[in-house]
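Trainee: structural data only, the sequence is not supplied:
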């Protein structure tokens, strides 16, 4: 670890919907900061006006709040290095770019796109690296004057130092990049707009970031940034500290391809809409490259913070497994206090999620059935299909369930079951015994006997424990639904 307090940053671009890879990066930075008692800086990289949007910016903030990933400096919180939106720091970047040029660390490049591409093609044909060849590195004053007279636009390039760059990646160990593979790079566009390659290192330096934990896709930019940090220190920008880097493994999707924003399972909104718990989703995302221990997949965020060590992150790609994500979420649902579970289900029991009339919802009945529902759900949105039989005027019409359960002889079984249920005490154990006795009269075991009853009452072949469900539904409604099912069978 670096000397002094840990300071990490999470700096997404406000483009499109947040995705799970972005959340994984935020989570690891948050856990690292909390484990070391450090500071998490939330910074918005919004210098691309054509792609950035205020809607996406608001979604980012809302998403982090929903996940419970709090930050110590940044939007809505403030801090000593405000503002934390790069679009509001343009004067800072312009001043730094000028200082880099004055100190000889950067220069104007007048190469046109056509010239650059021609030289790249020639380098590739000769089997040489195709990066920038340094044509404008040491232009004479006369050549610069001629280019300006011609009206040639110029970008600003950073002058990479001679020799290889070696650093110790906190995830991957020691890495070395040779000079051929890290050519001079642009830091300011011809229109004066600063590039990512400038703004992030400048902000890191000014905000005294000690560790940069980010995706593997940004690994190739690290040697350039390390060189820029040193140049910034020479011109007095920041405190002279070069952050330590840790590059997190790729998250792979179907077909062993890198999970992209376009993949449906990548969208954070999908998980919110389905009713994943923040704790369940974060638990799973933490496993994409890290684990609490070899024999534990289920844990709280407090446990993650207590044990998180960046050196334990695996450098190999992590595969996103939706089934495992669902399993972990379901486990967190079951471990909730039932009162918290009831409250968490609240939004799904109201319009537009709920298929029943708002006035039909009976909270007392839901609270009674909730402990049984809690053991069945994978995500919160499953709650409506599990309890709708309580609040709909009639059970749902599921033709597949009806065809599966209502075989020859089902009408006779239902008549017998209705009679015995009508005479039974109205509690789950007595109701089970009534249906068991009805089945025995028709030579059926309980599983076969209860299937027609379940479909008659709930509309589905699967659902919550049947007899507890009948107890909550009540005698009158249960018998009425069996009568309706018998009428339907008779009319078939």
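Mentor: Structure received. Predicted model, so just to flag it, every value in this text is computed and none were measured. Numbers count the residues shown, from 1 in each chain.

Trainee: okay, residue 414: pLDDT?
Mentor: Per-residue pLDDT puts residue 414 at 98.

Trainee: and it, that one's in a strand?
Mentor: No: under DSSP: H, G, I helix; E, B strand; the rest coil, residue 414 sits outside any strand and is assigned helix.

Trainee: pretty sure it contacts residue 453?
Mentor: Yes: with contact defined as Cβ atoms under 8 Å, residue 414 and residue 453 form a contacting pair (6.9 Å). For the C-beta atoms, the positions are set from N, CA and C on the backbone; glycine is no exception.

Trainee: quick one, which of the two is more surrounded?
Mentor: residue 453 (28 against 23; other Cβ atoms under 10 Å).

Trainee: check contacts around that one.
Mentor: Residue 453 is in contact with 414, 417, 435, 466, 482, counting by Cβ atoms under 8 Å, 6 or more residues apart in numbering.

Trainee: ok, now with 6 Å
Mentor: Contacts here follow Cβ atoms under 6 Å, 6 or more residues apart in numbering; on that basis residue 453 touches 417, 435.

Trainee: you'd agree it is in a helix?
Mentor: Yes: Residue 453 sits within a helix when classified using three-state DSSP.

Trainee: measure it to residue 447 for me?
Mentor: Distance, residue 453 to residue 447, by Cβ to Cβ, to the nearest Å: 11 Å.

Trainee: quick one: low-confidence parts of this protein?
Mentor: Scanning the chain for pLDDT under 70 picks out 1-3.

Trainee: give me the domain ranges for it.
Mentor: The chain breaks down into these domains under automatic domain parsing: 89-248, 399-491.

Trainee: what about the shortest one, how long is it end to end?
Mentor: Terminal residues of domain 399-491 lie 15 Å apart, using Cα to Cα, to the nearest Å.

Trainee: what of the first one?
Mentor: With Cα to Cα as the measure, domain 89-248 spans 28 Å from end to end.

Trainee: distance between it and the chain's centre?
Mentor: Counting by Cα atoms, centre = their mean, to the nearest Å, domain 89-248 is centred 31 Å from the centre of its parent chain.

Trainee: likewise for the shortest one?
Mentor: Using Cα atoms, centre = their mean, the mean C-alpha position of domain 399-491 is found 43 Å from that of the whole chain.

Trainee: which residue is the nearest non-sequential neighbour of residue 481?
Mentor: residue 457 (4.9 Å; Cβ to Cβ, 6 or more residues apart in numbering).

Trainee: cool, and residue 374?
Mentor: Residue nearest to residue 374 in three dimensions, not counting chain neighbours: residue 341, with 5.0 Å by Cβ to Cβ, 6+ apart.

Trainee: in which helix or strand would I find the one you found?
Mentor: Per DSSP states H and E: residue 341 is located in helix 338-345.

Trainee: swap in residue 478?
Mentor: Assigned by DSSP H and E, residue 478 falls in helix 475-491.

Trainee: same question for residue 139.
Mentor: Assigned by DSSP H and E, residue 139 falls outside every helix and strand.

Trainee: related to what we said a few turns ago, what is the helix holding residue 341 packed up against?
Mentor: In this structure, helix 338-345 packs against helix 363-374, with contacts taken as 3 or more Cβ pairs under 6 Å, 6 or more residues apart in numbering; DSSP states H and E.

Trainee: mind listing what's buried in the helix it packs on?
Mentor: The neighbour-count check on helix 363-374 (16 or more other Cβ atoms under 10 Å) flags 366, 369-370, 372-374 as buried.

Trainee: burial of the closest residue to residue 239 other than its chain neighbours, as a residue count?
Mentor: Nearest non-adjacent residue to residue 239, counting by Cβ to Cβ, 6+ apart: residue 208, 5.4 Å away. Applying other Cβ under 10 Å, we find 18 other residues in the vicinity of residue 208.
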